[in-house]
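>>> What follows is a predicted structure for the sequence shown.
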Amino acid sequence: MNEQNKSKSATLIDIAMPFIAVILGLAFCYFAAPVIVPVIIGISLAYVFYPAVKFLKKLKIPHLAALFIVTITTLVLFAGISIVIYYQGTEFIKSIPTLRAELESFLIDNFAKFRETVNNIFPDLIPEGEGRRLVDNTLQNLDYQKVGEIVFKGLGSVFSFLGNIILISIIAFFLIMEADVFKRNLTLAFGKENQIITGQIMTEINRQISSYFALKFIITVGLAIVYTAGLLLMRIDYAYIWGPLAAVITLIPIIGAYAGGIPPMIVAVIQYDSAIWFLWVSLFFLAVQFVESYIISPKVFGDQANLNLTTVIVSTILWGWMWGIIGIILAVPMTAAIKVICSHIEPLHPIARILEGRIKF
């Protein structure tokens, strides 16, 4: 009887331990976020830098010089883009009162047409002046001055964020510079008896994550260029804001691909005083997203992450709760790395089984 009880206890412990380990790990990530997040972003940036460094080394440029060139070039490009977005954002803030008046006029005029059509079928169903009342009730709760202040503060923090980017770039710089030493020390840190399995884990994580970050960066930059060019061709105001913003929002799993087009759709309707422009801009974004999601990404990424849809959704919510927008953007690669670790450690195999599936980036 005692042996049976011991067996049951051992089984419960075996089941509970993986989940306890995950809970403790997540708690550590949450409370140590101020330290961990810059390091994680630095590692992510190192993965983005490395292909360019590798390419320059093939041109016979020394490793340190190649790394320095890539880092400085990235910072200069980021600073230039930030300045353009800052000035476009300042102009957008100045135009908020005008946009509000144009939006109000557009809504009232179109509601009047809608009222006339409905009342022709059902006489006196919608009373006169109802459009003005609905629009006033909708817009009066929007404090546009406050919106302007919030946006201005956000734009004003661009250069502060640039300072953080410099710190993160330094982390990425040294990670790449000492990549071999770091890998060797990490392998030895878990003891000689675990060198093989540690090496396997690092190799598989590197295989899955390195191409993800590098290619995702290229695709995001490409989307920013395509979105901006398309909006400029349609003469949508503040295209230099909406294009890069939409591209960055696509980094958010599931909903990001569709949410990025909403601001320019609204601006287009107000700017041209016609609802048809909502359709044109939405068709443009849907066409670009179709090509990216169903043609480019499947060919480029395949099913490297091997995560199921539920895992992606839950991990996005969880990492977003812990680390904010950075957690949302890094949810997929972070979860993929955790799955790799769990799949190589026998007590954590149940976690790997729960996470795995077939979903394409």
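Structure received. Residues are numbered from 1 along each chain as shown.
>>> Helix or strand next in line after the helix or strand bottoming out on mean pLDDT in the chain, which one?
Between all helices and strands in the chain, the lowest mean by mean pLDDT, DSSP states H and E belongs to helix 144-156, at a mean of 52. Later in the chain than helix 144-156, the nearest helix or strand by DSSP states H and E is helix 158-177.
>>> Same question for that next one: list its buried residues.
Neighbour-count burial for helix 158-177 flags Val158, Ile165, Ile168, Ser169, Ile171, Ala172, Phe173, Leu175, Ile176, Met177 (criterion: 16 or more other CB atoms under 10 Å). No exception for glycine: its C-beta is placed from N, CA and C like everyone else's.
>>> hmm, who's touching it?
38-39, 41-43, 45-46, 48-50, 53, 63-64, 67-68, 71, 74-75, 78-79, 82, 85-86, 182 (CB atoms under 8 Å, 6 or more residues apart in numbering).
>>> please redo it, this time with the cut-off set to 7 Å
Here helix 158-177 makes contact (CB atoms under 7 Å, 6 or more residues apart in numbering) with 38-39, 41-43, 45-46, 49-50, 53, 64, 67, 71, 74-75, 78-79, 82, 85-86, 182.
>>> and if you look at stretch 265-275?
Leu99, Glu102, Leu103, Phe106, Asn110, Ile236, Asp237, Tyr238, Trp277, Phe278, Val281, Ser282.
>>> which other residues reach stretch 241-252?
81, 85, 88-89, 92, 220, 223-224, 227-228, 231, 236, 256-257, 259-261, 263-264, 328-329.
>>> Show the buried residues in these.
Listed as buried from these are 85, 88-89, 92, 220, 223-224, 227-228, 231, 236, 256-257, 260-261, 263-264, 328-329; burial here means 16+ other CB under 10 Å.
>>> now the buried residues of helix 158-177 as JSON lines including distance to Gln208 and pLDDT?
Below are these laid out as JSON lines (distance: CB to CB, whole Å; pLDDT from 0 to 100):
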{"residue": "Val158", "distance to Gln208": "32", "pLDDT": "48"}
{"residue": "Ile165", "distance to Gln208": "25", "pLDDT": "73"}
{"residue": "Ile168", "distance to Gln208": "22", "pLDDT": "79"}
{"residue": "Ser169", "distance to Gln208": "24", "pLDDT": "78"}
{"residue": "Ile171", "distance to Gln208": "21", "pLDDT": "80"}
{"residue": "Ala172", "distance to Gln208": "19", "pLDDT": "82"}
{"residue": "Phe173", "distance to Gln208": "23", "pLDDT": "79"}
{"residue": "Leu175", "distance to Gln208": "18", "pLDDT": "79"}
{"residue": "Ile176", "distance to Gln208": "18", "pLDDT": "79"}
{"residue": "Met177", "distance to Gln208": "23", "pLDDT": "79"}
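>>> Now distance to Leu186 too, for those residues, in a markdown table please.
Shown next, in a markdown table, are those (distance: CB to CB, whole Å):
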| residue | distance to Leu186 |
| --- | --- |
| Val158 | 35 |
| Ile165 | 26 |
| Ile168 | 20 |
| Ser169 | 22 |
| Ile171 | 16 |
| Ala172 | 17 |
| Phe173 | 19 |
| Leu175 | 12 |
| Ile176 | 15 |
| Met177 | 16 |
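>>> Determine which two of those are furthest apart.
Taking CB to CB as the measure, the buried residues of helix 158-177 span a maximum distance of 28.0 Å, between Val158 and Met177.
>>> Please pick the buried ones from the contacts of helix 158-177.
The neighbour count (16+ other CB under 10 Å) marks 41-43, 45-46, 49-50, 53, 67, 71, 74, 78, 82, 85 as buried among those.
>>> ok, those vs Trp319, which is closest?
Ile41 (12.9 Å).
>>> separation between the nearest residue to Gly199 once chain neighbours are set aside and Glu204?
Nearest residue to Gly199, sequence neighbours excluded (CB to CB, 6 or more residues apart in numbering): Thr187, at 5.5 Å. Applying CB to CB, to the nearest Å, the value for Thr187 to Glu204 is 14 Å.
>>> Work out for me the element the spatially closest residue to Val269 that is not a sequence neighbour sits within.
Excluding its sequence neighbours, the residue lying closest to Val269 (CB to CB, 6+ apart) is Phe278, at 5.0 Å. Per DSSP H and E, Phe278 falls inside helix 276-291.
>>> residues of that helix that come out buried?
For helix 276-291, burial by neighbour count (16+ other CB under 10 Å) applies to Trp277, Phe278, Val281, Ser282, Phe284, Phe285, Val288, Gln289.
>>> And the furthest pair within these?
Spatially, the most separated pair among the buried residues of helix 276-291 is Trp277 and Gln289, at 18.3 Å (CB to CB).
>>> Check the burial of Ser343 by counting its neighbours.
Number of residues near Ser343 (other CB atoms under 10 Å) recorded here: 19.
>>> Give me the spatial nearest neighbour of it, chain neighbours excluded.
Nearest residue to Ser343 in three dimensions, chain neighbours excluded: Ala352, at 3.9 Å (CB to CB, 6+ apart).
>>> Can you verify my assumption that the one you found contacts Val340?
No: between Ala352 and Val340 there is no contact under CB atoms under 7 Å: 8.1 Å.
>>> Between the two, which is the more surrounded one?
Ranked by neighbour count (other CB under 10 Å), Ala352 and Val340 place Val340 first, with 23 against 18.
>>> doesn't that one fall inside a helix?
Yes: counting by DSSP: H, G, I helix; E, B strand; the rest coil, Val340 is located in a helix.
>>> Below-threshold pLDDT in the stretch 201-350 of the chain: ranges please.
Residues of the stretch 201-350 of the chain meeting the criterion pLDDT under 70: 298-305.
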